[in-house]
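> please work out how this folds:
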Amino acid sequence: MSSNQKDTIYRGQQPANPFKFDEKVAAVFPDMIQRSVPGYDNIIHGIQQLAKKFVAANTHCYDLGCSLGAASLAMSQGIEKENCQVIAIDNSEAMIKRCELFVESYHHETPITVACADISDQKIENASMVVLNFTLQFIELEKRQVIIDRIYQGLNPGGVLVLSEKILSPDNLFNQLLIDLHHDFKRANGYSELEISQKRNALENVLVPETIDDHIKRLKQSGFKSADIWQQQFNFCSFIAIK
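Numbers count the residues shown, from 1 in each chain. A predicted model of the protein is given here:
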């Protein structure tokens, strides 16, 4: 997805407010995600490939925390089976409004239903694929297991969960290296030192990352027998879990 609007939200000298997915963020989100999340395009392309492999006829696919719908469109474009539906959920009205426009603008075969709702309350049923693409990290820690459990229960046998997250390394030295490499990535994409610092402050206590082991343990606790990393660049990681 492309956008003419460049992310300049954190150029100001005033202290950054806590990050939220409001109209300002929604307006620049495609530029923000491209310049901030290494490996994002690979994950979106991979979601399309996985939809081709895993989505069964007459089932639902869920994009939980869909933002502007990139993963929803990728699933829809990858699905080759009949009578499927993609359900895109986000609790940000600003994101959902723009998501509806994006979905209408791009060619896709499988219908996409877009709804403004809290994923903590979302019922998952008859699912062959669920995507949490950089979503769980914004959910309170105590709610995360409940959400993964609900996804597992709503997936059909053989169904797949794609979980993408910013991660922590348990090794402090290595963790700092990953942070430094990520900041280098942002500098190379035109962000200033001030913008990097302001964004980091804004995300403090809003985006709460965990370790790879934390995620694998949670997936296994839910009942997933197979769960592992399929994509990683620096401290941005994507897991696949198969029921």
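
> mind listing what's buried in the longest helix along the chain?
Criterion DSSP state H: the longest helix present in the chain is helix 172-188. Buried positions in helix 172-188, judged by neighbour count with 16 or more other Cβ atoms under 10 Å: 175, 178, 182-183, 185-186. C-beta here means a position set from N, CA and C on the backbone, and glycine is covered the same way.

> and the contacts of that helix?
Applying Cβ atoms under 8 Å, 6 or more residues apart in numbering, the contact partners of helix 172-188 are 35-36, 38, 168-169, 193, 195-196, 234-236.

> do stretch 101-114 as well
1, 61, 66, 68-70, 72-73, 75-77, 79, 84-88, 96, 99-100.

> so how do I select the buried members of these in ChimeraX?
Only the buried entries of the contacts of stretch 101-114 go into this ChimeraX selection, using 16+ other Cβ under 10 Å:
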select :61,66,68,69,70,72,73,75,76,77,79,84,85,86,87,88,96,99,100
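
> among the contacts of stretch 101-114, which are in strands?
61, 85-88 (DSSP state E).

> biggest separation within these, which pair?
Q85 and A88 (10.3 Å; Cβ to Cβ).

> run through the residues that contact the most centrally placed residue in the chain.
Nearest residue to the geometric centre of the chain (Cα atoms, centre = their mean): N133, 1.7 Å. Listed by Cβ under 8 Å, 6+ apart, the contact set of N133 reads 43, 47, 63, 65, 67, 70-71, 162, 164, 238.

> closest one of the residues you listed to F54?
Distances from F54 to the contacts of N133, taken by Cβ to Cβ, are shortest for V162, at 9.4 Å.

> helix, strand, or coil at that closest one?
strand (DSSP: H, G, I helix; E, B strand; the rest coil).

> on the three-state scheme, the nearest residue to it once chain neighbours are set aside is what?
In this structure, V162 finds its nearest non-sequential neighbour in V131, 4.7 Å apart by Cβ to Cβ, 6 or more residues apart in numbering. In three-state terms, and counting by three-state DSSP, V131 is strand.

> distance check, V131 against F21.
For V131, the distance to F21 equals 17 Å [Cβ to Cβ, to the nearest Å].

> between these two, which is the more surrounded one?
Of the pair V131 and F21, V131 is the one with more neighbours under other Cβ atoms under 10 Å, namely 30 against 18.

> ok, now which ones touch the residue nearest to S67 when sequence neighbours are not counted?
Closest residue to S67 apart from its sequence neighbours, by Cβ to Cβ, 6+ apart: M95 at 5.2 Å. Contacts for M95 were tallied using Cβ under 8 Å, 6+ apart; they are 21, 26, 29, 66-68.

> give me the pLDDT value at M95.
Looking at M95, its pLDDT stands at 96.

> one more: S164?
98.

> again with Q5
So Q5 comes in at 88 (pLDDT).

> for F102, helix, strand, or coil?
Taking three-state DSSP, the label given to F102 is helix.

> wait, K166
K166 is classified as strand under three-state DSSP.

> now do the contacts for the nearest residue to it once chain neighbours are set aside.
What sits nearest to K166 in space, not counting adjacent residues and going by Cβ to Cβ, 6+ apart, is P209, at 4.6 Å. By Cβ under 8 Å, 6+ apart, the residues touching P209 are 137, 165-168, 235.
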